[in-house]
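Student: build me a structure from this.
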Amino acid sequence: SNDSIENIDLDGIVIGVYKKNVFGDAAKRISATFQKFLDLNDFDGKKNTKAVLYNVEGIKSPRIVLVGLGEKGKSIAEDVRLAASNGVRALRNLGVKRIGIESLNDDGQSTAEGVVLGLYRYDDLKFKNKAKLKTLDEVTYFGDADTWNRGVALAKGQNKARYLNDSPANICNPTWFVEK
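Tutor: Numbering: from 1, shown residues only. You can find the predicted model right below:
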């Protein structure tokens, strides 16, 4: 999306934060909005950390998930995938339907992979009432569409392989496998 992250009407937004509370380019202009929360030292941008903020002044979205990327300049693709995954799962588990995510660490491909891989779950046989499952309806990306689309395509391929692997042998016979 070309809209600014603070003005778009979504149910939740995922924003990456580096260690020592350094923001990425997409969120740098709104980082002062989070300063009161960051001054509490409850969140510091370390890898595999997240914080959910509600009704932040100046941001249209009612939920913001800050995800830790680790030290700026040292974050690798796997750190980005984990951060994206943690952020979107946190919002999905809250029952949110429409979310936005910035390009974490300026790596659109890894951000997309993290989103798609993080939302995967094999639930064909585990739930009798699938209507109760929390799912996302829309993901808006703030960044380069080409790198995002490449990451989505790669992650969808991996999720397809995961689905085939997760399917039980009594269902996943050769005929079924070829049909899928």
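Student: and the contacts of stretch 119-136?
Tutor: 88-89, 91-99, 159, 162-163, 166-168 (C-beta atoms under 8 Å, 6 or more residues apart in numbering). For every residue, glycine as well, the C-beta is placed using N, CA and C.
Student: from these, list the buried ones, please.
Tutor: Neighbour counting by 16 or more other C-beta atoms under 10 Å classes Val88, Arg89, Leu91, Arg92, Val96, Arg98, Ile99, Asn159, Ser167 among the contacts of stretch 119-136 as buried.
Student: low pLDDT regions in this protein?
Tutor: 1-2, 25-29, 31, 126-128, 130-131 (pLDDT under 70).
Student: 90 instead, please
Tutor: Applying pLDDT under 90 to the chain flags residues 1-9, 17-46, 48, 56-60, 72-75, 103, 105-106, 121-137, 142-144, 163-180.
Student: so Thr140 sits in a strand?
Tutor: Yes: the assignment for Thr140 by DSSP: H, G, I helix; E, B strand; the rest coil puts it in a strand.
Student: now the helices for this structure?
Tutor: 25-28, 35-38, 77-93, 108-118, 145-166, 174-179 (DSSP state H).
Student: for the longest one, what is the distance to the chain centroid?
Tutor: Translated: helix 145-166. 14 Å (C-alpha atoms, centre = their mean, to the nearest Å).
Student: buried stuff in it?
Tutor: Quick answer for helix 145-166 (16+ other C-beta under 10 Å): Thr147, Trp148, Gly151, Val152, Leu154, Ala155, Asn159.
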